[in-house]
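K.L.:
can't give you the sequence, but here's the structure:
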Ligand SMILES: C[C@H](O)[C@H](O)[C@H]1CNC2=NC(N)=NC(=O)C2=N1
């Protein structure tokens, strides 16, 4: 079973995701990103492609879509926190969203907080 990233892994892996707009969720050990699209159709298109990617990975987002906004929260239910699967899915989602969405960075807390709050 996949385990939570330890503190060293978080320090090594979360920096690049913070640069691309991922944040620490307000609650729990999870990452969150809010994307803004030109309209609902564009948001739904990203969600459709992301859903196929999630199915292929067998790793699924917790997400909420309101018209042209999509908020994605990633954590691994099986281990109760952020695992390497969340890093991989976040990277895949970033690639899919490139050029089709703006990032709202005014949410959550600094992602590197997740490197400090984890107990090994
Ligand atoms: C049975 C199925 O393989 C598991 O429930 C998978 C499905 N997708 C998942 N997605 C996420 N985010 N975390 C999980 O632990 C997880 N587990």
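P.N.:
Thanks, I have the structure now. None of the values given here were measured: they were computed from a predicted structure. Numbers count the residues shown, from 1 in each chain.
K.L.:
For this protein, what lies in contact range of the ligand?
P.N.:
With the criterion set to Cβ under 6 Å from any ligand atom, the chain comes near the ligand through 58-60, 76-78. C-beta here means a position set from N, CA and C on the backbone, and glycine is covered the same way.
K.L.:
What about those, which are in helices?
P.N.:
Among those, no member falls in helices (criterion: DSSP state H).
K.L.:
possible to save these as a markdown table with neighbour count and pLDDT?
P.N.:
Below are these laid out as a markdown table (neighbours: other Cβ atoms under 10 Å; pLDDT from 0 to 100):
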| residue | neighbour count | pLDDT |
| --- | --- | --- |
| 58 | 7 | 98 |
| 59 | 20 | 98 |
| 60 | 15 | 98 |
| 76 | 21 | 98 |
| 77 | 10 | 97 |
| 78 | 13 | 96 |
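K.L.:
Nearest to residue 49, out of those residues: which one, please.
P.N.:
Taking Cβ to Cβ as the measure, residue 49 lies nearest residue 60 of the residues of the chain next to the ligand, at 14.0 Å.
K.L.:
Run a quick neighbour tally on residue 95.
P.N.:
Residues contacting residue 95 under the criterion other Cβ atoms under 10 Å number 11.
K.L.:
residues in contact with it?
P.N.:
Residues near residue 95 by Cβ atoms under 8 Å, 6 or more residues apart in numbering: none.
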